[in-house]
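Colleague: model this:
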Amino acid sequence: MDLKLPLVVSPLGGRLVQAWVPAFWPRLSGVGPSLSTLRDELALAVMERFEREPAAHVAAYQLPPHLALRHVKVDTEARDREKNKRVVLQGRMAVLLEKWPRDEFWVVTPTRLPLARFALANPDALPQALARRLATWCLEHDLENLDEAWGTGHERLELLEVDAYAPTILPRTPPKP
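Modeller: Alright, predicted model coming up:
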């Protein structure tokens, strides 16, 4: 079965490159001097993971026909009056926009914070919606900042092509007598 998954690639400086598949949690990622080696390692990890998945989860490995990576500038402030907490968020976030033809909404996934995924009706409203979502995320998870999640602005979207065996619909262990 041929799988095509979004792969985010970010140069780290010098010869180092970071690459990850943002569609999964925990995230499949790697850092190294060779992008082709990273692609092979990530493809192997996807193959192993895909074969262990229940057959019902195969649809999660499909690539939507409308896919884009955007870098969104965030400058907002979150306040929780009950906890007397203020969080200032300023930075650039790389987000993956996905849309299926029959859906009336886009799925927005911050590439370095995939659990903060949300739906959006119109991609033109992305900056405001992302700022609201990140502010809410910080308050819900008691975060002071998102320093480790801000993008560098140099991330790019590529495809990771994987040839994997489909998961079986049969039970993995023999039935007990």
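
Colleague: is it true that A166 lies in a helix?
Modeller: No: applying DSSP: H, G, I helix; E, B strand; the rest coil, one finds A166 to be coil, outside a helix.

Colleague: need the contact list for it.
Modeller: Counting by Cβ atoms under 8 Å, 6 or more residues apart in numbering, A166 makes contact with M1, F50, A55, V58. To be clear about C-beta, it is placed using only N, CA and C from the backbone, and glycine gets the same treatment.

Colleague: Now with 7 Å, please.
Modeller: Going by Cβ atoms under 7 Å, 6 or more residues apart in numbering, A166 touches M1, V58.

Colleague: Now do the strands in this structure.
Modeller: 2-13, 16-21, 28-32, 66-80, 85-99, 106-110, 118-120, 156-163 (DSSP state E).

Colleague: Can you lay out these as CSV showing mean neighbour count, distance to L44 and mean pLDDT?
Modeller: Formatted as CSV, those follow (neighbours: other Cβ atoms under 10 Å; distance: least, Cβ to Cβ, whole Å; pLDDT from 0 to 100):
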stretch, mean neighbour count, distance to L44, mean pLDDT
strand 2-13, 17, 12, 89
strand 16-21, 19, 12, 92
strand 28-32, 16, 10, 90
strand 66-80, 15, 23, 93
strand 85-99, 18, 22, 93
strand 106-110, 21, 23, 94
strand 118-120, 16, 31, 95
strand 156-163, 15, 9, 91
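
Colleague: Any idea which of these gets closest to E148?
Modeller: strand 85-99 (10.7 Å; Cβ to Cβ).

Colleague: strand partners of the closest one, parallel vs antiparallel please.
Modeller: Here strand 85-99 is paired, per DSSP bridges, with strand 66-80 (antiparallel), strand 106-110 (antiparallel).

Colleague: any chance of those strands in TSV, plus distance to R39?
Modeller: Converted to TSV, these look like this (distance: least, Cβ to Cβ, whole Å):
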stretch	distance to R39
strand 66-80	17
strand 106-110	20
